[in-house]
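K.L.:
Sequence and predicted structure below; questions after.
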Amino acid sequence: MTYSQARLRILPSVRCLFDKLVQIKVEGVAPHKPVELRSKLVDDKGVVFRASARYKADAAGLVDVCRSPSLGGSYRGVEPMGLFWSMAPDTPHSKLQKKTVLSPAVVEFEALNGETGERLATASNERGCMTEGMKRIPLQEGRLRGVLFIPPGKGPFPGIMDLYIFGGGLTEPRASLLAGYRTGDWHPIYFSRWYHGVIDVSFSVWDLSDDPTSGENRASLIPIERASCQFLFAVSEDDHNWNSAFFAKHAAAILRNHGKESFQVVSYPKAGHLLDVPHMPYCPTGFHALVGSVVSFGGEPKAHSEAQLDLWERVQAFFKSHLQQKSSF
């Protein structure tokens, strides 16, 4: 068996949704020989992201990324989606930008002879954010901008509003992915994304040290004790932008002091600031408009990736449970 018989496969399909796991296999290489795998993605702003990992083929001339350990490169060990979450930008301090969900993100792969560097095989994975039949409707009212995602099927459906933004403008992958999610008897969701052209609706304090419960700072507190809804607080314990653990504990204490147990707190010890959809490349640093310089977002790549996957599953379970209970459709 020679390297010329090599084949690179993406299973179960070369097309999938962005949050789905795929199996990457290299078949038909010489037994026990080194193979290097590389991944590459160009985001919507033209920034190139890359990762690589070195493997050793088994006795059958197979490298299965879901089973075979990486021996070095962008990550080590058995990491089925390592070639995705470990991708780093050619341009420093860049986060992968997927501003439009009308087209998929295309990840290109190549397998190389680990001894000579010769290219053996190539493949690509198209990772979309919209399910078939979903409608994407841009919305505008004055300076407000948004997008409404309507899943296929007969409505009405329960709805969620997502206020997540990064770097100004709309960021649509999370909204569109959740809009198409369904399991059991849970209806898919209307999902809209909003931002204001002048006012940043996200928290705008970096490394806040003042006590928000004291003096004039109390005016900034959100009176969550008045809320009748359920809360899911996600804490990145290595968040270098917000003191996430402090604020989550404070919010939980307020609710508990008012006789409410309508919350969950989930903590991720080595996760950084930017928890995104699963398999999104880890972003350690970026330009922060508030402070006018590059800042560290914290976290460790592998742990941060695991946190994104775990939180995504928890968010889906949270909405399934509480939207279904409240729904009167």
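P.N.:
Arrived safely. From a predicted model like this one, the values you see are computed outputs, not experimental measurements.
K.L.:
my guess is residue 120 contacts residue 35, does it?
P.N.:
Yes - look at residue 120 against residue 35 with C-beta atoms under 8 Å: they come within range, at 7.4 Å. In this view, the C-beta of every residue, glycine as well, is placed from N, C-alpha and C.
K.L.:
Which neighbours do these two have in common?
P.N.:
26, 29, 111, 112, 113 (C-beta atoms under 8 Å, 6 or more residues apart in numbering).
K.L.:
and the helix or strand where the third one lies, which strands flank it?
P.N.:
Assigned by DSSP states H and E, residue 111 falls within strand 105-113. When sheet partners are counted by DSSP bridges, strand 105-113 sits next to strand 34-42 (antiparallel), strand 119-128 (antiparallel).
K.L.:
With just CA atoms, put it into PDB.
P.N.:
Provided in PDB are the C-alpha atoms of strand 105-113 (Å, rounded to 0.1, in the frame of the first residue of the first chain):
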ATOM      1  CA  ALA A 105     -18.500  28.500   6.400                       C
ATOM      2  CA  VAL A 106     -16.200  26.300   4.300                       C
ATOM      3  CA  VAL A 107     -13.400  24.500   6.100                       C
ATOM      4  CA  GLU A 108     -10.700  23.000   3.800                       C
ATOM      5  CA  PHE A 109      -8.700  20.000   4.800                       C
ATOM      6  CA  GLU A 110      -5.500  18.500   3.400                       C
ATOM      7  CA  ALA A 111      -3.600  15.400   4.300                       C
ATOM      8  CA  LEU A 112       0.200  15.400   3.900                       C
ATOM      9  CA  ASN A 113       2.900  12.800   3.900                       C
END
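K.L.:
Quick check: buried residues in that strand?
P.N.:
If you call a residue buried by 16 or more other C-beta atoms under 10 Å, then strand 105-113 has these buried ones: 105, 107, 109, 110, 111, 112, 113.
K.L.:
What average pLDDT does that strand get?
P.N.:
What strand 105-113 shows for mean pLDDT is 98.
K.L.:
surely residue 278 meets residue 308?
P.N.:
Yes - if you go by C-beta under 8 Å, residue 278 and residue 308 touch, sitting 5.3 Å apart.
K.L.:
how about the CA coordinates for stretch 26-33, as CSV?
P.N.:
Provided in CSV are the C-alpha atoms of stretch 26-33 (Å, rounded to 0.1, in the frame of the first residue of the first chain):
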residue,chain,number,x,y,z
VAL,A,26,-7.6,9.4,6.1
GLU,A,27,-7.7,6.0,4.5
GLY,A,28,-5.3,4.2,2.2
VAL,A,29,-1.9,5.4,3.6
ALA,A,30,1.1,3.2,4.3
PRO,A,31,0.7,1.4,7.7
HIS,A,32,2.3,3.1,10.7
LYS,A,33,3.5,6.1,8.6
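K.L.:
all strands of the stretch 151-300 of the chain, in order?
P.N.:
In the stretch 151-300 of the chain, the strands defined using DSSP state E, counting those that start in this stretch lie at 159-162, 190-196, 231-236, 263-268, 285-288, 293-296.
K.L.:
next one: the stretch 1-150 of the chain
P.N.:
7-11, 15-17, 23-27, 34-42, 48-56, 63-64, 72-73, 88-89, 105-113, 119-128, 135-141, 144-150.
K.L.:
To residue 313, which of those lies closest?
P.N.:
Ranking the strands of the stretch 1-150 of the chain by proximity to residue 313 (C-beta to C-beta) places strand 15-17 first, at 14.3 Å.
K.L.:
Partner strands of the closest one, with direction?
P.N.:
With DSSP bridges as the test, strand 15-17 pairs up with strand 119-128 (parallel).
K.L.:
Just the buried residues of the partner strand, please?
P.N.:
Quick answer for strand 119-128 (16+ other C-beta under 10 Å): 120, 121, 123, 124, 125, 127, 128.
K.L.:
The third one pairs with what?
P.N.:
What it means is residue 123. Residues in beta-bridge contact with residue 123 (DSSP bridges): residue 109.
K.L.:
Put together TSV for the shared contacts of residue 120 and residue 35, with distance to residue 135 on each row.
P.N.:
Shown next, in TSV, are the shared contacts of residue 120 and residue 35 (distance: C-beta to C-beta, whole Å):
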residue	distance to residue 135
26	39
29	45
111	39
112	42
113	47
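K.L.:
now, which of those residues sits nearest residue 260?
P.N.:
Nearest member of those to residue 260, counting by C-beta to C-beta, is residue 26, at 53.4 Å.
K.L.:
Any regions of this structure where pLDDT drops low?
P.N.:
Counting by pLDDT under 70, the chain shows low-confidence ranges at 1-4, 165-169, 182-212, 324-329.
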